[in-house]
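Novice: Got a sequence here, can you build the structure:
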Amino acid sequence: MIQVKKFILPCMLLALSSPSVASTRSVDQEDMQNFINEMTRQHKFEREELEKLLGKAKIHQSILDAISRPAEAKPWYKYKTIFLNPARIKGGVKFWNNNALTLKKASQKFGVPPEIMVAIIGVETRYGRHKGSFPVIDSLATLAFAYPPRSEFFRGELKQFLLMTREEKLDPTKQMGSYAGAMGMPQFISSSFRNYAVDFDDDGFRDLWNNPADAIGSVGNYFKRHGWKKGKPVVAQVKTHGRRFKSLLGRDLKPQHSYKSLKKYGVQFQKAYPSKLQGTLLEFDSGTKQPEYWVGWQNFYVISRYNHSAHYSMAVYQLAQEIRKRR
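Specialist: Predicted structure coming up:
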């Protein structure tokens, strides 16, 4: 059995004195040591290098605050204004025009409409303008070792990040991203980078930070790999009558009710769909007494694999439609 020496990371412990964090919260030293043990034993990392790297990482109070108040928690009528505005739409048209050939190529290869790929990058980083200001190593160390609610997930992403930077020959201390460790123009987390990022212009590098071609191709590949159906509908706005439809409402975005059964429960469509087409009924707060009701199909569910939120998926879809109309 490998013996792990005890070590303290003072710079990581220092930033946890803010009163907005429970006084009992601190870096979990046992988890840290177990993580280093795993990386050295299973993935052949040098122990001293990992101790040095993690010892220099900083815990950011702003990261802990941000993950506790995600934008998706806002009601729909407030959330959508973040993305459905003239600047974001105009920026999408410009991005499309500047990368038209690449978007056409990606759409043909992966079956994803250009406007959807553009909208993802627009929602995530304003078309590459805001790719994140935190060192990824800091973000992932903060959430892996000082945020118990999701520490297991982020320890996994920290592992993926270290493997990714080794494979891609990147300096792990110099990669910048979001408070949650998402990177580049399309904001891929480390596991997504390793599994779905592509070198779309064949220059020998998967550069999601500065290369729009790689960012576009990677988004297209991500959607195809998650089950995007070329030419199939994404979402349909509907009306409802009676009360039976309420039993179909739920948080699961995965399609689970056929078009035929949705109609039987009082969901009214503006046009006909195949009777066996599967969808899920969603309710959105419109800011009035009357909510909006939509049915999300398989492609809507695929968008939600990027961010598991109906608000996010709807913002991407509606921004995509506005960009296509304006172009």
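
Novice: Provide a list of residues in contact with residue 221.
Specialist: Residues near residue 221 by C-beta atoms under 8 Å, 6 or more residues apart in numbering: 110, 196, 197, 198. For the C-beta atoms, the positions are set from N, CA and C on the backbone; glycine is no exception.

Novice: Quick check: the second one touching residue 223?
Specialist: In this case it means residue 196. No: counting by C-beta atoms under 8 Å, residue 196 does not reach residue 223; the two are 9.1 Å apart.

Novice: count of neighbours near the closest residue to residue 211 other than its chain neighbours?
Specialist: The shortest distance from residue 211 to any non-neighbouring residue, by C-beta to C-beta, 6 or more residues apart in numbering, is to residue 201 (6.8 Å). Using other C-beta atoms under 10 Å, residue 201 is surrounded by 16 other residues.

Novice: can you pull the buried residues of stretch 27-41?
Specialist: For stretch 27-41, a neighbour-count test (16 or more other C-beta atoms under 10 Å) marks 27, 28, 31, 32, 35, 36, 37, 39, 40 as buried.

Novice: of the residues you listed, the lowest pLDDT goes to which?
Specialist: Scanning the buried residues of stretch 27-41 for pLDDT, the low point is residue 28. It has 73.

Novice: picking that back up, among the buried residues of stretch 27-41, which ones are in helices?
Specialist: 31, 32, 35, 36, 37, 39, 40 (DSSP state H).

Novice: Was I right to think the third one contacts residue 156?
Specialist: If I follow you right, that is residue 35. No: using C-beta under 8 Å, residue 35 makes no contact with residue 156, being 10.0 Å away.

Novice: Any regions of this structure where pLDDT drops low?
Specialist: Along the chain, the parts satisfying pLDDT under 70 run over 1-26.

Novice: Next, the contact list for the residue nearest to residue 211, please.
Specialist: Listed by C-beta under 8 Å, 6+ apart, the contact partners of residue 201 are 102, 211, 213, 214, 217.

Novice: before we move on, what SS does it have?
Specialist: coil (DSSP: H, G, I helix; E, B strand; the rest coil).

Novice: That's all I had, so thanks and see you.
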